[in-house]
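Q: Mind looking at a prediction? Sequence and model below.
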Amino acid sequence: MALLCSQNSCSVLASFLSLLVVVSLQCQVASSAGLLSMRHHHNHVHPVRPMVQTNQSTCSLFVGTWVRDETETHPLYQSSSCPIIDPEFNCQMYGRPDSGYLKYRWKPLNCELPRFNGVEFLLNMKGKTVMFVGDSLGRNQWQSLICMLSATASQAQTQLVRGDPLSIFRFLDYGVSISFYRAPYLVEVHVVQGKRILRLEKVDGNGDGWKSADVLSFNTGHWWSHQGSLQGWDYVELGGKYYPDMDRLGALETGMKTWANWVDTNIDRSKTRVFFQAISPTHYNPNEWNVGGTTVMTTKNCYGETAPISGTTYPGAYSEQMRVVDMVIREMSNPAYLLDITMLSALRKDGHPSIYSGELSPQQRANPNRADCSHWCLPGLPDTWNELFYTALFY
């Protein structure tokens with residue numbers, strides 16, 4: 001059967017087919033000299049501590065502790081009053097028995113976060129578009145912000161248009177759009193003859209949907225480490241060659257640099273503010289936060305965790321992906337504002353859906369080994385991400 005395609009897609013197909021034999025014969029992991037040099041590069045150039053970036057000269061927003069809030073200010077909304085929340089984030093609806101995790105607020109070491117004001121947000125953004133671009137953690141944050149705005153502007157007329165890759169929630173009275181664009185790698189995934197090609201050096205069509213936004217918040221990370229059935233590609237394209245796999249940190253670095261170059265070249269920073277949401281941590285290994293402890297761990301993940309880790313630092317290893325993100329953003333011509341939520345989120349081992357996710361069947365929810373320790377409950381931690389986002393935008 002003949003394959004019909006455009007000139008551009010045919011040229012991609014021709015390159016793909018011409019190299020497919022080589023790939024099948026070699027079946028090599030791309031740990032070539034260039035990629036090995038990337039891996040070695042990670043071992044000595046990245047700072048030990050995460051970057052702290054803020055537009056407040058006297059406040060390090062991302063260094064602090066979680067404190068119990070006994071007032072009525074937290075949570076900022078109820079899940080029952082925000083129908084946009086996806087089942088996988090709606091922990092209270094799907095049986096989470098505790099609610100103490102909702103009563104913590106983030107306290108930077110030397111300042112207080114401004115109180116979130118949804119009406120002020122909408123007035124300041126009147127007639128504008130805020131767009132989150134990335135994976136399901138970006139969707140987690142997108143839904144959180146909509147719930148926070150809806151709670152304080154409850155009388156506003158709204159409209160939701162869901163799509164793939166673009167979903168838009170509009171506050172019609174203010175002319176404000178809060179959008180989510182699904183692009184888990186930020187760079188392009190191109191399908192040829194049923195095979196998914198992760199093109200590390202191309203943003204292409206994805207970026208056309210981003211240029212019109214007034215505020216862009218990007219994220220990526222988790223999909224780069226997925227294996228097996230969760231892996232989002234069949235081949236990786238780099239330098240005109242195709243590989244079934246490669247060094248994952250090296251691939252992330254190349255993809256991030258492609259994204260950074262695209263932003264530097266295509267986004268008018270006098271009109272559009274650009275943020276990058278730092279790597280969101282997972283909690284699948286209790287040994288990371290039980291260092292030196294005597295507690296016998298009964299599960300192998302975040303199941304049963306009901307309180308944050310005390311103190312200002314996570315006892316486990318700092319994210320290697322975050323070191324890559326930090327380096328690439330520092331090297332941008334006009335660096336994106338890094339919302340450095342990695343460490344403060346790492347302290348919230350209690351904030352995940354665990355087994356209380358609508359993505360799981362009742363039988364699966366009975367098995368703690370199926371716990372989701374990657375996403376976050378709503379209400380929950382992403383609300384703090386948005387309080388920090390709000391502070392960075394307006395203070």
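A: The structure has been received and is ready for your questions.
Q: got the CA coordinates for stretch 342-356 in CSV?
A: Output of stretch 342-356 as CSV, limited to C-alpha atoms (Å, rounded to 0.1, in the frame of the first residue of the first chain):
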residue,chain,number,x,y,z
THR,A,342,12.3,20.4,43.6
MET,A,343,13.6,20.6,47.2
LEU,A,344,10.4,21.9,48.8
SER,A,345,8.4,19.2,47.0
ALA,A,346,10.8,16.5,48.0
LEU,A,347,9.9,17.2,51.6
ARG,A,348,6.2,16.3,50.8
LYS,A,349,6.3,12.6,50.8
ASP,A,350,2.7,12.8,52.1
GLY,A,351,1.3,14.7,49.2
HIS,A,352,0.9,12.0,46.5
PRO,A,353,-2.4,10.2,45.5
SER,A,354,-0.9,6.9,46.6
ILE,A,355,-3.7,4.4,46.2
TYR,A,356,-6.4,7.1,46.3
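Q: residues of it that come out buried?
A: 342-356 (16 or more other Cβ atoms under 10 Å). For glycine as for every other residue, the C-beta is placed from the backbone atoms N, C-alpha and C.
Q: between those, which is nearest residue 160?
A: Distance to residue 160, by Cβ to Cβ, is smallest for residue 353 among the buried residues of stretch 342-356, at 22.1 Å.
Q: In contact with the closest one, which residues?
A: Residue 353 makes contacts with 88, 89, 91, 94, 96, 371, 372, 375, 376, 377, as judged by Cβ atoms under 8 Å, 6 or more residues apart in numbering.
Q: 10 Å instead, please
A: Residues near residue 353 by Cβ atoms under 10 Å, 6 or more residues apart in numbering: 87-91, 94, 96, 302, 359-360, 371-378, 380.
Q: out of the buried residues of stretch 342-356, who's nearest residue 163?
A: Nearest to residue 163 among these, with distances taken as Cβ to Cβ, is residue 353, at 24.4 Å.
Q: Now residue 179: closest residue in space that isn't a chain neighbour?
A: Nearest residue to residue 179, sequence neighbours excluded (Cβ to Cβ, 6 or more residues apart in numbering): residue 131, at 4.3 Å.
Q: my bad, should have said residue 190
A: Nearest one to residue 190, counting by Cβ to Cβ, 6+ apart, is residue 197 at 4.7 Å.
Q: Assumed that neighbour was part of a strand.
A: Yes. Residue state for residue 197 (DSSP: H, G, I helix; E, B strand; the rest coil) corresponds to a strand.
Q: how near is it to residue 238?
A: Counting by Cβ to Cβ, to the nearest Å, the separation of residue 197 from residue 238 is 11 Å.
Q: And residue 182, by the same measure?
A: In terms of Cβ to Cβ, residue 182 sits 23 Å off from residue 238.
Q: Compare the two (neighbour count), which wins?
A: More neighbours surround residue 238 than the other of residue 182 and residue 238, with 21 against 17 (other Cβ atoms under 10 Å).
Q: beta partners of the more buried one?
A: Residue 238 forms beta bridges with residue 241, as assigned by DSSP bridges.
Q: Low-confidence bits of the chain, can you list those?
A: Where the chain drops to pLDDT under 70, the residues are 1-57, 292-299.
Q: now the helices: where do they sit in it?
A: Ranges of helices within the chain are 7-26, 33-42, 118-124, 136-152, 205-208, 248-266, 320-330, 342-346, 362-365, 381-394, based on DSSP state H.
Q: Ok, which of those comes nearest residue 62?
A: Of all these, it is helix 342-346 that lies closest to residue 62, at 6.1 Å by Cβ to Cβ.
Q: who's in contact with residue 380?
A: Each residue near residue 380 by Cβ under 10 Å, 6+ apart is listed here: 75, 79, 89, 91-92, 101-102, 104, 140, 144, 348, 350-353.
Q: what do you get if the cut-off is 8 Å, keeping everything else the same?
A: So residue 380 contacts 75, 89, 91, 101, 102, 144, 351 (Cβ under 8 Å, 6+ apart).
Q: from those, which two are the most distant?
A: Among these, 101 and 144 lie farthest apart (Cβ to Cβ), at 14.5 Å.
Q: Look at the two and report which has more neighbours.
A: Taking neighbours as other Cβ under 10 Å, residue 101 and residue 144 compare with residue 144 leading, 29 against 23.
Q: So for residue 197 and residue 238, which residues contact both of them?
A: Counting by Cβ under 8 Å, 6+ apart, residue 197 and residue 238 have no common neighbour.
Q: how many other residues sit next to the residue lying closest to residue 322 once chain neighbours are set aside?
A: Counting by Cβ to Cβ, 6+ apart, residue 279 is the residue found nearest to residue 322 once chain neighbours are left out, at 4.5 Å. Close neighbours of residue 279, defined as other Cβ under 10 Å, add up to 28.
Q: Assess the claim that residue 148 and residue 115 are in contact.
A: No. When contacts are counted by Cβ atoms under 8 Å, residue 148 is not listed as touching residue 115 (11.5 Å).
Q: So those two - more neighbours on which side?
A: Taking neighbours as other Cβ under 10 Å, residue 148 and residue 115 compare with residue 148 leading, 25 against 10.
Q: From residue 141, how far out is that one?
A: Here residue 148 is placed at a distance of 10 Å from residue 141 (Cβ to Cβ).
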